[in-house]
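Peer 1: Pasting a predicted model and its sequence here:
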Amino acid sequence: MKSLESQYLALIDQHQGLIHKVCHLYCQETELREDLFQEILLQLWKAYPSFRGDSSFSTWMYRIALNTAIALYRKQKKSPLISDLDEVVENLQGKDVPYEERENQHFLYQAIYTLNDVEKAIILLYLESYKYEEIAEIMGISVNLVGVKINRIKQRLKNKLSHLV
């Protein structure tokens, strides 16, 4: 039987990419991203003994990661930070993306950076193909509100992108 620590480390190793995505979305500087990554790992470790498996580990992990990032972001009381968008896009999508598609992603992420912290979290989950029910569970809001927020976010992004492109 695996120890609690080895189970935790195996799950973190398997799902650490989503922690990196959250960190890249909320922090510009490498040092801040690393600090946020460590803080998320700490919060996950503290909460891990209470993980009951009612949802998938990745859903539970996203909820803690996003709540930690949002809390830290609010503490800093800074305006949204825009990091090297090409680096973010590569980390989110991989390096084998054609130039034209990467350029479109660049514009999309530039628009996403202008959203508030909750909207960023919702659209990140939506872009990761999470179902509305899963987004609602992670964000702690109703499924109907998820639908409303996603529609409003899409409209805002569409308006912003029409000015960028």
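Peer 2: Done, it's in. In this text the structure is predicted, and so the values were computed from the model without any measurement.
Peer 1: And the pLDDT at S58?
Peer 2: At S58, the model reports a pLDDT of 88.
Peer 1: Distance of the nearest residue to it once chain neighbours are set aside relative to Y73?
Peer 2: Using C-beta to C-beta, 6 or more residues apart in numbering and skipping residues adjacent in sequence, the residue nearest S58 is H15, 5.3 Å away. All C-beta spots, glycine's among them, are computed from the backbone N, C-alpha and C. Using C-beta to C-beta, to the nearest Å, we find H15 at a distance of 21 Å from Y73.
Peer 1: And the strands in the protein, which stretches?
Peer 2: In the chain, no segments count as strands under DSSP state E.
Peer 1: and D35, how many neighbours does it have?
Peer 2: 14 (other C-beta atoms under 10 Å).
Peer 1: now it: how far from E29?
Peer 2: 9 Å.
Peer 1: mind listing what Y48 touches?
Peer 2: Going by C-beta atoms under 8 Å, 6 or more residues apart in numbering, Y48 touches L4, Y8.
Peer 1: go with 7 Å
Peer 2: Y8 (C-beta atoms under 7 Å, 6 or more residues apart in numbering).
Peer 1: Kindly report the same for E103.
Peer 2: Counting by C-beta under 7 Å, 6+ apart, E103 has no contacts.
Peer 1: And it, how close does it get to A121?
Peer 2: E103 is 25 Å from A121, by C-beta to C-beta.
Peer 1: Name the helix or strand of the chain that has the lowest mean pLDDT.
Peer 2: helix 85-93 (a mean of 48; mean pLDDT, DSSP states H and E).
Peer 1: From I112, how far out is the residue nearest to I150 when sequence neighbours are not counted?
Peer 2: Among residues not flanking I150 along the chain, Y126 sits closest, at 5.6 Å (C-beta to C-beta, 6+ apart). Noted for Y126: a distance of 11 Å to I112, by C-beta to C-beta.
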